[in-house]
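# below is the structure, and that's it, no one-letter string:
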């Protein structure tokens, strides 16, 4: 199979997480560049990346990259690329764009120029003057960063955070990609207990469950590239079959989701069943003040209320003080808390071992990481020689 240049896009702060995921899939050439993770692979790689990347936003096929200081250079550079290798004669190819610190600052003009250049290229290849665009969709993006133009085709379709299990949403849902990254940035592993005391509609426990059972997050959804004739259905089916075969179906997880809202707990139960985790997560109505657990080592991973409205401020600071006392009683546990509230550590009563800036949508947050002691290694059974 031919090799292609691919890009996994990442939300600011998650680039290293996504790069690690790409490498874990076996693509050692992954490198980070301006919220892009560049890597290479064949058609099967496109399938596997879409199925398996947990924290990436999209998987893009990189068609070309060049410098352009004028609209004429943008037109000629786009026209010179081999679009016919991917766009069939009936391709539906809308163009979207973005421009950051570029002399070509008009995004709408850049989109129109790229569209025109591609059409001119295809006219010569297909010997047609007009294209109906009634076939598969190839979403094209022109991204301008300073003087550099990057042209890509989106292989994913809707964003990769759309796993397919969250049919209903609560008032302030956490993106699945961010929840997966929060789990992967923790010391949790499938042998340890995990509790989310503010689980809402269940995103963090469900993403942990998918990780714990080694379920590909994209297994229950479709992707744009599945309609492309360049990637056969056999290749897609093989990737899905391989993903099914590595699920740890017999493993029993210890994941708990707590909340005080019965309505969102009902959503969480529904979502976990759709995600294939029925019976793997224990959901219960419980206030954080009543949280306790007899296990010596475990992880709390949560996204508590931020108090974005001014009138909520006192209520939220009271909650954070309460969290500090309750979590402190689990002194051998590790705690991971995402919040946008300023001075969280002051009210929680303890400075984090590490802070990491992450974005929940457009809201800048801090991911506070408190590390408990490592659990002792299990004792190896001694061999008895007779």
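Nice, thanks for sending it over. Values in this document were obtained by computation on a predicted structure and should not be read as measured data.
# buried ones in the helix or strand hosting residue 47?
Following DSSP states H and E, the helix or strand that holds residue 47 is helix 43-52. Of the residues in helix 43-52, 43, 45, 46, 47, 48, 49, 50, 51, 52 count as buried by neighbour count, 16 or more other CB atoms under 10 Å. Where you see a C-beta, it was placed from the backbone N, CA and C, and this is true even at glycine.
# nearest to residue 70 among those residues?
residue 46 (33.2 Å; CB to CB).
# excluding residues flanking it in the chain, which one is nearest that closest one?
Nearest residue to residue 46, sequence neighbours excluded (CB to CB, 6 or more residues apart in numbering): residue 155, at 5.2 Å.
# ok, that neighbour - how many residues close by?
For residue 155, the neighbour count with other CB atoms under 10 Å is 24.
# please report how far it lies from residue 49.
From residue 155 across to residue 49, the span is 8 Å (CB to CB, to the nearest Å).
# the residue nearest to residue 46 against residue 53, yeah?
No. Contact criterion CB atoms under 8 Å: residue 155 and residue 53 do not qualify, at 11.3 Å.
# okay, helices next: where are they in the stretch 151-300 of the chain?
176-184, 203-212, 233-245, 262-274 (DSSP state H, counting those that start in this stretch).
# mind putting those into a markdown table with mean pLDDT and mean neighbour count?
Output for these, formatted as a markdown table (pLDDT from 0 to 100; neighbours: other CB atoms under 10 Å):
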| stretch | mean pLDDT | mean neighbour count |
| --- | --- | --- |
| helix 176-184 | 98 | 26 |
| helix 203-212 | 98 | 26 |
| helix 233-245 | 98 | 14 |
| helix 262-274 | 95 | 18 |
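# now those helices in JSON lines, with distance to residue 334?
Below are the helices of the stretch 151-300 of the chain laid out as JSON lines (distance: least, CB to CB, whole Å):
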{"stretch": "helix 176-184", "distance to residue 334": "12"}
{"stretch": "helix 203-212", "distance to residue 334": "13"}
{"stretch": "helix 233-245", "distance to residue 334": "29"}
{"stretch": "helix 262-274", "distance to residue 334": "23"}
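# now list whatever residues contact both of residue 155 and residue 49.
Common neighbours of residue 155 and residue 49 (criterion: CB atoms under 8 Å, 6 or more residues apart in numbering): residue 59.
# give the contact list for the residue nearest to residue 46.
With contacts defined as CB under 8 Å, 6+ apart, residue 155 is in contact with 46, 50, 58, 59, 60, 61, 223, 224, 225.
# sec struct for the fourth one, please.
It refers to residue 59. Under DSSP: H, G, I helix; E, B strand; the rest coil, residue 59 falls in the strand class.
# for whichever helix in the chain runs longest, name the packing helices and strands.
Counting residues, the longest helix found in the chain (DSSP state H) is helix 107-126. In terms of contacts (3 or more CB pairs under 8 Å, 6 or more residues apart in numbering; DSSP states H and E), helix 107-126 is packed against helix 71-79, strand 95-100, strand 139-145.
# thinking again about what came up before, need the overlap of contacts for residue 155 and residue 53.
residue 59.
# low-confidence ranges in this protein?
169-172, 307-311, 378-386 (pLDDT under 70).
# strands of that one, residue ranges please.
In the chain, the strands defined using DSSP state E lie at 4-9, 31-33, 36-41, 58-67, 95-100, 139-145, 148-154, 193-196, 255-259, 281-285, 298-302, 334-339, 354-360, 363-370.
# of all those strands, which one is nearest residue 234?
Nearest to residue 234, of the strands of the chain and by CB to CB, is strand 36-41 at 17.1 Å.
# which parts of that closest one are buried?
Neighbour counts over strand 36-41 (16+ other CB under 10 Å) mark 36, 37, 38, 39, 41 as buried.
# kindly report the same for stretch 360-376.
Within stretch 360-376, the residues that qualify as buried are 360, 365, 366, 367, 368, 369, 370, 372, counting by 16+ other CB under 10 Å.
# what's the end-to-end length of it?
Start-to-end span of stretch 360-376 (CA to CA, to the nearest Å) is 35 Å.
# residues making contact with it?
With contacts defined as CB under 8 Å, 6+ apart, stretch 360-376 is touched by 174-175, 178, 182, 185-187, 192, 296-297, 303, 306, 308, 327, 330-340, 344-345, 348, 350, 352-359.
# how close does residue 288 sit to residue 320?
Distance of residue 288 to residue 320, computed by CB to CB: 10 Å.
# touching both of those two, which residues are there?
Common contacts of residue 288 and residue 320 (CB under 8 Å, 6+ apart): residue 304.
# domain map for the chain?
What automatic domain parsing lists as the domains of the chain is 4-154, 176-370.
# looking at the ones you listed, which is nearest to residue 167?
Closest approach to residue 167 among those is made by domain 176-370 (6.6 Å; CB to CB).
# figure out how far the closest one is from the centre of its chain.
Here domain 176-370 is found 13 Å from its chain centre; the criterion is CA atoms, centre = their mean, to the nearest Å.
# same deal with stretch 32-48?
Centre-to-centre, stretch 32-48 and its host chain are 14 Å apart (CA atoms, centre = their mean).
# end-to-end on it?
Using CA to CA, one end of stretch 32-48 lies 19 Å from the other.
# list the contacts of it.
With CB under 8 Å, 6+ apart as the contact definition, stretch 32-48 has outside contacts at 1-12, 15-16, 18-19, 22, 25, 27, 29-31, 49, 56, 59, 61-62, 145, 155, 223, 225, 230-232, 235-236, 238-240.
# that older thread, any chance of the helices and strands packed on helix 107-126 in CSV, with mean neighbour count and distance to residue 249 too?
Putting the helices and strands packed on helix 107-126 into CSV (neighbours: other CB atoms under 10 Å; distance: least, CB to CB, whole Å) gives the following:
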stretch, mean neighbour count, distance to residue 249
helix 71-79, 17, 48
strand 95-100, 16, 40
strand 139-145, 21, 35
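# among those, which is nearest residue 256?
strand 139-145 (39.7 Å).
# which elements pack onto that closest one?
For strand 139-145, the packing partners by 3+ CB pairs under 8 Å, 6+ apart come out as strand 95-100, helix 107-126, strand 148-154.
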